[in-house]
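Okay, here's the prediction I keep looking at, along with the sequence it came from:
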Amino acid sequence: MKTYRHHITVFEHERIKLGQVFTGCEFDEPKLIAFQKYYGEKGVPFFSLIHRGIQFNEHVGVIQVGDLLIEVLPKADNNRETADWRKMLIGMMRAVGSFDIRVSSNSHLKLKSNTILDLYIEMFVNEVEYLLHSGLLKKYRKNESNVTALKGNIIFSKQIQHNLTHQERFYVRHTTYDVEHTLHQILYVTIRFLRQINTNASLQSRIGALQLFFPEMPPLKVTEATFDKLVYNPKSEAYRKAIEIARLLLLQYHPDVSKGKNHVLALMFDMNKLWEQFVYVSLRKHADDYSIKPQSKKNFWQPEYGFKTSIIPDIVINKDTDRCVVMDTKWKNLNGYNPSSSDLQQMFVYHQYFNAVKTALIYPGSGNAIKGTYFGADAKFNEQMQCYVIPIDIQTGNVRAWQKKIADNIKGWLSGV
């Protein structure tokens, strides 16, 4: 059994320098070189290289390089502990559907202590255990084999080639009804993969049991196209979640082909997009008296030759047929300052193109909504063009209660429209 991995926890936009020590784990030169190789010439969106170190950006999640796991957590203020931010991140991801699994296996998850990687691994294990307990799906498949009993159609060219001196055998093409099909091949590949990369002792025995009890499958080279070709039906729908997790894990895996010691698995998520989805699903859930649309698209500019440029606000709310409100979410703490000029200019354009009654920028933070009015071309206030700044309190406790509070906060602001 592998020993438990080295674990470093940092926050978004934080730097890790060569020689820095985190709870007994040193970020030494081999670890830095592994990250530099992963970054490569084209780069990756999750972090950037700095002098003798790396710096993370707005992406959060986990990156595992060899036996080193770096957990990157969101942080909008300095008032909470690491465990609070981890709990908040997991709660947000569950709310937007990233951890959406069936109730029958949900009770086994140890949400308080696990990293995101461990949660995904445990969810996959739970899903496959459920499938094994329910009975694996069988499918018909075409097969060619050299058998002693005639069944199916004889392939005469291969019959002559293989059985010229064995007339008691028949080389035939026939149909077989068994568990050997693509869905199970993907699951089998993923089980073996987890056996290789998992270093969480509490999960190791369960993964080993899966490898023991899951039927052995022929090798399969898994690519993006493998998943794109899958078609689900009522019988195979139960496999969807396990396959989705397998897709996430297998396609984000980058093996180290040089030494084989620093394989990379990156499960990173853009915090800006997660915040946008979280606010949207909270409104959809608790503000059903409004027509709420995500990312409504309008053409903005057209070159003489080439493609159009569009503008896409995060959320458009229609209170009636003639009046709409446009909102954009921004995952950054203003710390008492005004929004950036680019954010305000963006909302000004939304006013014009969507004929909005008013607009709002949604930030994490505390306090009341702040009303702002744009100047017109005559350098006077244009009372018809207002952009509000709406701070949303961060809550790391009950996520459902937090979602309702978000919706109530925004609905209170909308009541004045």
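Sure thing, it's come through. Residues are numbered from 1 along each chain as shown.

going forward, measure contacts between C-alpha atoms and count neighbours the same way
Fine.

Contact partners for Lys17?
Neighbouring residues of Lys17 by C-alpha atoms under 8 Å, 6 or more residues apart in numbering: Phe27, Arg52, Gly53, Ile54.

Any of these buried? List them.
Listed as buried from those are Phe27, Gly53, Ile54; burial here means 16 or more other C-alpha atoms under 10 Å.

Is it correct that the last one is in contact with Phe47?
Put plainly, it is Ile54. Yes: taking C-alpha atoms under 8 Å as the definition, Ile54 is a contact partner of Phe47 at 6.7 Å.

about what we covered before: and which of the buried ones among the contacts of Lys17 is nearest to Ile191?
Nearest to Ile191 among these: Phe27, at 29.7 Å, using C-alpha to C-alpha.

if I look at the closest one, how far off is Thr9?
12 Å (C-alpha to C-alpha, to the nearest Å).

do Asn126 as well
Asn126 is 26 Å from Thr9, by C-alpha to C-alpha.

Strands of the stretch 201-350 of the chain, start to end?
According to DSSP state E, counting those that start in this stretch, the stretch 201-350 of the chain carries its strands in the segments 253-254, 264-270, 291-294, 298-301, 309-311, 315-318, 324-329.

Turn these into CSV, including mean neighbour count, mean pLDDT and distance to Gly376.
Putting the strands of the stretch 201-350 of the chain into CSV (neighbours: other C-alpha atoms under 10 Å; pLDDT from 0 to 100; distance: least, C-alpha to C-alpha, whole Å) gives the following:
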stretch, mean neighbour count, mean pLDDT, distance to Gly376
strand 253-254, 15, 76, 52
strand 264-270, 19, 88, 36
strand 291-294, 17, 84, 29
strand 298-301, 12, 85, 21
strand 309-311, 13, 88, 22
strand 315-318, 19, 89, 24
strand 324-329, 23, 92, 20
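
so which of the ones you listed gets nearest Val60?
strand 264-270 (5.3 Å).

Just checking: what are the partner strands of that closest one?
strand 59-65 (antiparallel), strand 253-254 (antiparallel) (DSSP bridges).

Let me know which of these is tucked in deepest.
strand 59-65 (a mean of 23; mean count of other C-alpha atoms under 10 Å).

moving C-terminal of that strand, what's the next helix or strand?
Downstream of strand 59-65, the first helix or strand assigned by DSSP states H and E is strand 68-73.

Give me the mean pLDDT for the very next helix or strand once past that following strand.
Where DSSP H and E defines the elements, the next helix or strand beyond strand 68-73 is helix 82-95. For helix 82-95, the mean pLDDT works out to 87.

tell me the angle helix 82-95 makes with strand 264-270.
80 degrees (axes from the mean of the first three to the mean of the last three C-alpha atoms, to 10 degrees).

Between strand 68-73 and helix 82-95, find me the angle.
80 degrees.

mind listing what's buried in helix 82-95?
Asp84, Trp85, Arg86, Lys87, Met88, Leu89, Ile90, Gly91, Met92, Met93, Ala95.

Closest one to Ile121 out of these, please.
When these are compared against Ile121 (criterion: C-alpha to C-alpha), the nearest one is Ile90, at 14.2 Å.

for the protein, what helix or strand is lowest in average pLDDT?
helix 103-106 (a mean of 34; mean pLDDT, DSSP states H and E).

Just give me the longest strand of the chain.
strand 381-392 (DSSP state E).

Any buried residues in the helix or strand following that strand, and which?
Tracing the chain past strand 381-392, the next element assigned as helix or strand by DSSP H and E is helix 399-414. Neighbour-count burial for helix 399-414, counted by 16+ other C-alpha under 10 Å, picks out Val399, Trp402, Gln403, Lys404, Lys405, Ile406, Ala407, Asp408, Asn409, Ile410, Lys411.

Specify the angle between helix 399-414 and strand 381-392 in degrees.
Using the same axes, to 10 degrees: helix 399-414 against strand 381-392 is 170 degrees.

Contacts made by helix 399-414 with the rest, please.
88, 91-92, 95, 279, 282-283, 286-287, 369, 392, 394-395.

from the middle of its chain, how far away would it be?
24 Å (C-alpha atoms, centre = their mean, to the nearest Å).

Can you pull out the low-pLDDT segments for the stretch 151-300 of the chain?
152, 174, 256-262 (pLDDT under 70).

how about the buried residues of helix 82-95 in CSV, adding distance to Ile155?
Shown next, in CSV, are the buried residues of helix 82-95 (distance: C-alpha to C-alpha, whole Å):
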residue, distance to Ile155
Asp84, 65
Trp85, 63
Arg86, 60
Lys87, 61
Met88, 61
Leu89, 58
Ile90, 56
Gly91, 58
Met92, 57
Met93, 54
Ala95, 55
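
ok, back up a step: please name whichever of the strands of the stretch 201-350 of the chain is nearest to Ile70.
That would be strand 264-270 among the strands of the stretch 201-350 of the chain, by C-alpha to C-alpha, at 9.7 Å.

what's the spacing between the closest one and its chain's center?
Worked out by C-alpha atoms, centre = their mean, strand 264-270 lies 8 Å from the chain centre.

do the same with stretch 143-158
With C-alpha atoms, centre = their mean, you get 47 Å for stretch 143-158.

So which bits of that stretch are buried?
So stretch 143-158, judged by 16+ other C-alpha under 10 Å, has buried residues Asn146, Ile154.

Over to stretch 67-77?
Buried residues in stretch 67-77 (16+ other C-alpha under 10 Å): Asp67, Leu68, Leu69, Ile70, Glu71, Val72, Leu73, Pro74, Lys75, Ala76.

if we can go back for a sec, which of the contacts of Lys17 has the weakest pLDDT?
Phe27 (90).

ok, it - contacts?
Ile16, Lys17, Leu18, Gly19, Gln20, Val21.

Ramachandran coordinates for it?
phi -80, psi 90 (degrees, to the nearest 10).
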